[in-house]
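In: okay, structure incoming, though there's no sequence with it:
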Ligand code: SF4
Ligand code: SF4
Ligand code: SF4
Ligand code: FES
């Protein structure tokens, strides 16, 4: 979405706001949920519009949006990597796995790579403790993995998909 | 009144009082960190825990109301252990670089660590790691030193009602920062520094200009000139253990001479000059159907607030530069010419109670030819550090007087440093200019004191004029709303960003002593009432300045040099999703 002046989005936000009372601070969370259900994340412009509508400083809205795990501030990538940080995985050193993925993609958990190929998310137990440590990419499960396996897993998904001819994503596999 | 026992002493307390306040009223001290008087208690830090008989858990006394017959222990072994653990955890997640920290010896975390005898590192873990935000000209943020007490957040949201910073994320990743963690220079922050005054550590501090000033003092080609803001003389003494409200002008002048400044001038001189210009501008607006009400412009925090939030009303703000900028402008034009000094060699330093003035002095439109009006701004706190560095024992200094001609001032200028002072000074002169007579009572009580909004109406010739004083930027909103709705009854409005005015500026000494603001205000009113001349139009040097240079207030030349313009700085809505 890249419409000039964000006019279309502004109208859309106003449409959502119609269901709420202006300056009602208690409508903040539902508003954020509505916005996220449209974009899949919370764009800065939408937070600015909400800030004007509920008459709260942007800093507070940003604070609330970053406090709850349900909200995202960056758009989702094509591939979603979920790193399990539940107890079993933790014991099996999932923190190293997470660190290795973050380093390889040069983003932090919760963020999306610049080329929009990957998003890293942290999850708290996906019920596959027997094969800990576990990472999922989209629908695929990877169990009992070690840091060594990560470059190969990422390579599988960083291929240029046919429908777009984006340049090869910047993946640091070192 | 209800009866209760604290540490086995029977006391009486008012219903609804917190245990903390009840204990304080009988001289029992309970340590606090997140607590701020008069603001919402959050119970975040729990350093104030006490034992209440019948309660299994310790309770935070700052947020716990007294009840009849309760029995409280504020310093039992259990309480002490709990507090010590809290301090130990805070210390462990802190850089612990006290030896090289600006708040060394004036830090609440350091004090608590000392008080609870933290002598070893019992917890070792990952420390948070954050970049220092040096993006603004006034304020540095060092989140690694932040203990997340939230005092700055509450002051910024509840008192100043700016809301530039807030808690973000949670748990170990929690930080106090701007939206999207951007540099504070591109946030809505107006750089007032009220957050610095409440920060227990050095997580918030001013950007220091000591290096530039020291370099200029060392440079033999530079003609160094210093000026002192009205409010500094009533507060600097506090840094030397004098009670709040001690006036130290004489010693201050000697100290500055010993630092090596060629001339020591007074911002009060240009405060008188400001009044001449501002009163004339007001009268012009009244007589010529100009934009009314007119706002004062001497507080750059207020100007920045309007530029960010209400650019539509910028035309209501007087075009006068703030006093220290006027002083700089006069020094680099009139004075340079008169003394035959090349303006490029004049280095003007302002000693200010204010953090915004650092940013203000960097605004590119505040210059003569290509030379900034003011080259560097030091806060009251930085000056103390400078004196220390130079081995100057402030308490032992003899007294001295300002240099001429930019050192002369009247009582009207002295009160610029307190909320209501600019209004009072302006009215003394405007009344005279409109009627040719002097005001009967010089002390305009309704605009003094610490109310949020102060009002006064005065009949001048056949006009009934209404004036308002906004004491603290947090009270500005309804006033602006009225103007935009066309229902404002006022003609002239003074706005000071800091509650109490510059006596409580963001560059002032940091401590939480009682009544400091009232005492500082009183000191300035005292200077005024001791003066022979108490109206700006009686300042002889200002008169000469007009005769020799500007001809008259608001003349073309005065407009070029003493007035300025403002810009829309509203943060633009992102247009791309
Ligand atoms: S300087 Fe003032 S506006 Fe900026 S964060 Fe601090 S209190 Fe808020
Ligand atoms: S910056 Fe200072 S005042 Fe603000 S939360 Fe951190 S320690 Fe407290
Ligand atoms: S009130 Fe004084 S100290 Fe505070 S921002 Fe304004 S000029 Fe600076
Ligand atoms: S001072 Fe009471 S909880 Fe922080």
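Out: Thanks, I have it. Quick caveat, the model's predicted, so the values are computed rather than measured. Ligands and ions are numbered 1, 2, ... in the order given.

In: which ones are touching the nearest residue to residue B:116 once chain neighbours are set aside?
Out: Leaving aside its chain neighbours, residue B:116 sits nearest to residue B:84 (4.3 Å; criterion: CB to CB, 6 or more residues apart in numbering or on different chains). Bear in mind the C-beta positions are built from the backbone N, C-alpha and C, glycine included. Residues in contact with residue B:84 (CB atoms under 8 Å, 6 or more residues apart in numbering or on different chains) are B:116, B:117, B:118.

In: please apply the same query to residue A:16.
Out: Listed by CB under 8 Å, 6+ apart, the contact partners of residue A:16 are A:31, A:34, A:35, A:38.

In: and the second one, helix, strand or coil?
Out: What DSSP: H, G, I helix; E, B strand; the rest coil gives for residue A:34 is helix.

In: residue contacts, it?
Out: Residues in contact with residue A:34, defined by CB under 8 Å, 6+ apart, are A:16, A:19.

In: from residue A:71, how far out is the residue in chain A that ligand 4 sits nearest to?
Out: Going by CB to the nearest ligand atom, ligand 4 is nearest to residue A:63 of chain A, at 19.2 Å. Separation of residue A:63 from residue A:71 (CB to CB, to the nearest Å): 11 Å.

In: go on, residue B:133?
Out: Where residue A:71 is concerned, residue B:133 sits at a distance of 24 Å (CB to CB).

In: same deal with residue A:56?
Out: Noted for residue A:56: a distance of 15 Å to residue A:71, by CB to CB.

In: count of neighbours near residue B:172?
Out: For residue B:172, the count of nearby residues is 9 (other CB atoms under 10 Å in any protein chain shown).

In: next, the contact list for the residue of chain A found nearest chain B, please.
Out: Chain B sits closest to residue A:57 of chain A, with a gap of 2.8 Å, by CB to the nearest CB. Residue A:57 sits next to A:51, B:157, B:162, B:163, B:164, B:166, B:188 when contact means CB under 8 Å, 6+ apart.

In: just these: which are in helices?
Out: Within these, residues falling in helices by DSSP state H are residue A:51.

In: now, which of the contacts of residue A:57 lie within strands?
Out: residue B:166 (DSSP state E).

In: mind putting the contacts of residue A:57 into JSON lines with neighbour count and pLDDT?
Out: As requested, those are exported to JSON lines (neighbours: other CB atoms under 10 Å in any protein chain shown; pLDDT from 0 to 100):
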{"residue": "A:51", "neighbour count": "20", "pLDDT": "94"}
{"residue": "B:157", "neighbour count": "22", "pLDDT": "97"}
{"residue": "B:162", "neighbour count": "27", "pLDDT": "97"}
{"residue": "B:163", "neighbour count": "22", "pLDDT": "96"}
{"residue": "B:164", "neighbour count": "25", "pLDDT": "97"}
{"residue": "B:166", "neighbour count": "26", "pLDDT": "97"}
{"residue": "B:188", "neighbour count": "22", "pLDDT": "94"}
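
In: show me the chain divided up by domain.
Out: No chain specified, so I'll use chain A. A:3-67, A:79-158 (automatic domain parsing).

In: look at chain B instead
Out: According to automatic domain parsing, the ranges for chain B are B:2-75, B:119-206, B:210-562.

In: between those, which one is nearest to residue A:108?
Out: For residue A:108, the closest of those is domain B:119-206, at 9.7 Å, according to CB to CB.

In: quick one: is the closest one near ligand 2?
Out: Yes - contact between domain B:119-206 and ligand 2, assessed by CB under 6 Å from any ligand atom, occurs at B:146-152, B:176, B:198-201, B:203-204.

In: out of the residues you listed, which end up buried?
Out: Neighbour-count burial (16 or more other CB atoms under 10 Å in any protein chain shown) applied to the residues of domain B:119-206 next to ligand 2 gives B:146-152, B:176, B:198-201, B:203-204.
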